[in-house]
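Enquirer: How does the following fold in three dimensions:
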Amino acid sequence: MLELYSKKEEHLPQISESELSDAEVMEEMFSIKERLKDRVIVLGHHYQQDDVISLADIKGDSLKLAQEAAKLDKEFIIFCGVHFMAETADMLTSLEQKVILPDLKAGCSMADMANRTEIDRAWSYIRNSTKQSIIPITYINCDAQLKAFVGENEGAICTSSNAEKVIKWALEKGEKLLFFPDQHLGRNTCFEMGIKLEEMVVYNPNHLNGGLTSEQIDKAKVILWYGYCSVHQGFQVDQVKKIKQESPDTIVLVHPECNFDVVQASDLNGSTSFIIEQVKKAKAGDKFAIGTEINLVNRLAHEYPHLEIRSLSPYQCLCTTMYRVRPRWLLESFRSIERGEPINVIKVNEETKKLSLLALQRMLEIS
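Expert: Numbers count the residues shown, from 1 in each chain. All right, here's what the predicted structure looks like:
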């Protein structure tokens, strides 16, 4: 079984609301960070709020942060993201290094939509339903036990940045693909690669045998898990149509975790890094409606005032689990390191780590 965290109990901030103002929290944090600069590095996912991102030494999406984690030599890595990202960092760093997640409850609803028991059950049924070879691919948004499953079964991990490369690799290696936990990234990527929708089926673990017959599995080229990102399901095709009617020259740019109809109706789709690059290279006056997490959209609008940037959705599509990493939580992480009692240390057991690294290294080689 996975020993996910250190033996220390979850530690939440002991800073009372009246003790420090928000400004004082940030001031102390920058001060401690400077004192610990030779020992600590902060990784920040693009979906974090601005105050947290301002502390990050390295910013990026899941792929970049995984690649950077493999190069780090700092004693402590404070990961401003969610639990599966911190797990990945722990697996890619040395035994002497410690990865800290400011709030252990910063999880991922998509990652929670698949667990090892369900995957093992699905894998057994799928393999018994066909004589064709199957390669499992997991999106990096999953817990370490699922990464270990993929490593053990000759598969690989992917991110939204490299999904096409990894899927191409898998389909050269095998005849079928099991893709989990995000059905939308799998469907959108496979469709863009020329795989027809009728060649894909969805396995739903809430139904007997995933709701699929053996004949359906044998006929399919791609078996998609039923999972999804709750943030990106906030974007709807009617929103795309409305923007195009009101402002035909607005570029609709969405993440491939959005549903198929939204991706097809948009002008461009791609990973978080792709979205940022499209904005960076835009000309003054260009207009964007972006379908991804609101913190990133707002940050891009602020950083590129010569462009017109807004969210595709009129609602706040916020990743609430990312938002659990608050400046006060982060300050307590810094304080704990300085007093020699680091809290919320993420630790993956050696067997799980060994198998997961097989899948992670395949991903990094393919990328």
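Enquirer: I'd guessed Gln29 sits against Trp329; true?
Expert: If you look again at residue 29, you'll see it is Met, not Gln. No: with contacts defined as C-beta atoms under 8 Å, Met29 does not count as touching Trp329, sitting 10.7 Å away. The C-beta positions use only the backbone N, C-alpha and C, and glycine is treated the same way.
Enquirer: residues in contact with the helix or strand bottoming out on mean pLDDT in the chain?
Expert: The helix or strand of the chain with the poorest confidence is helix 62-69; it has a mean of 84 (mean pLDDT, DSSP states H and E). Surrounding helix 62-69, the residues in contact under the criterion C-beta atoms under 8 Å, 6 or more residues apart in numbering are 43, 45, 58, 60, 77, 79, 81, 85, 88-89, 92-93, 140-141, 159-162, 271, 273, 360, 363-364, 367.
Enquirer: ok, 6 Å please
Expert: Where contact means C-beta atoms under 6 Å, 6 or more residues apart in numbering, the residues beyond helix 62-69 that reach it are Leu43, Ile58, Thr88, Ala89, Leu92, Thr93, Ile140, Thr159, Ser161.
Enquirer: And stretch 278-296, by the same measure?
Expert: Stretch 278-296 has contacts (C-beta under 6 Å, 6+ apart) with 46-47, 49, 231, 235, 243, 250-255, 258, 297, 300, 304, 306-312, 316-319.
Enquirer: Can you show me the helices along the stretch 51-200 of the chain?
Expert: Taking DSSP state H, counting those that start in this stretch as the criterion, the stretch 51-200 of the chain contains helices spanning 62-69, 83-92, 116-128, 144-152, 163-173, 183-192.
Enquirer: For these, give me TSV that also has mean neighbour count and distance to Gln264.
Expert: Output for the helices of the stretch 51-200 of the chain, formatted as TSV (neighbours: other C-beta atoms under 10 Å; distance: least, C-beta to C-beta, whole Å):
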stretch	mean neighbour count	distance to Gln264
helix 62-69	22	24
helix 83-92	26	28
helix 116-128	16	28
helix 144-152	24	29
helix 163-173	18	17
helix 183-192	23	8
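Enquirer: Could you check how far Tyr323 is from Ile32?
Expert: For Tyr323, the distance to Ile32 (C-beta to C-beta, to the nearest Å) stands at 23 Å.
Enquirer: Number of residues surrounding Lys74?
Expert: Applying other C-beta atoms under 10 Å, we find 17 other residues in the vicinity of Lys74.
Enquirer: ok, the spatially closest residue to it that is not a sequence neighbour - contacts?
Expert: Distances taken as C-beta to C-beta, 6 or more residues apart in numbering put Ile41 closest to Lys74, at 4.2 Å, once the chain neighbours are dropped. By C-beta under 6 Å, 6+ apart, Ile41 lies in contact with Asp57, Lys74, Ile77.
Enquirer: And the second one, how far from Met85?
Expert: Relative to Met85, Lys74 is positioned 16 Å away (C-beta to C-beta).
Enquirer: closest to Asn349 out of the helices of the stretch 51-200 of the chain?
Expert: Each of these has some distance to Asn349 by C-beta to C-beta; the shortest is helix 144-152, at 8.5 Å.
Enquirer: where's the closest residue in space to Asp50 that isn't next to it in sequence, which helix or strand?
Expert: Nearest-residue entry for Asp50: Arg299, 6.4 Å, with adjacent residues in sequence omitted and distances by C-beta to C-beta, 6+ apart. When secondary structure is defined by DSSP states H and E, Arg299 falls within helix 294-303.
Enquirer: Would you mind pulling up the elements that the next helix or strand after that helix packs against?
Expert: For helix 294-303, the succeeding helix or strand toward the C-terminus, using DSSP H and E, is strand 308-311. Contacts defined by 3 or more C-beta pairs under 6 Å, 6 or more residues apart in numbering; DSSP states H and E place strand 308-311 against strand 287-291, helix 294-303.
Enquirer: what packs against the following helix or strand past strand 308-311?
Expert: Beyond strand 308-311 in the direction of the C-terminus, DSSP H and E gives the next helix or strand as helix 327-338. Under the contact criterion of 3+ C-beta pairs under 6 Å, 6+ apart, helix 327-338 touches helix 22-35.
Enquirer: I am finished for the moment; much appreciated.
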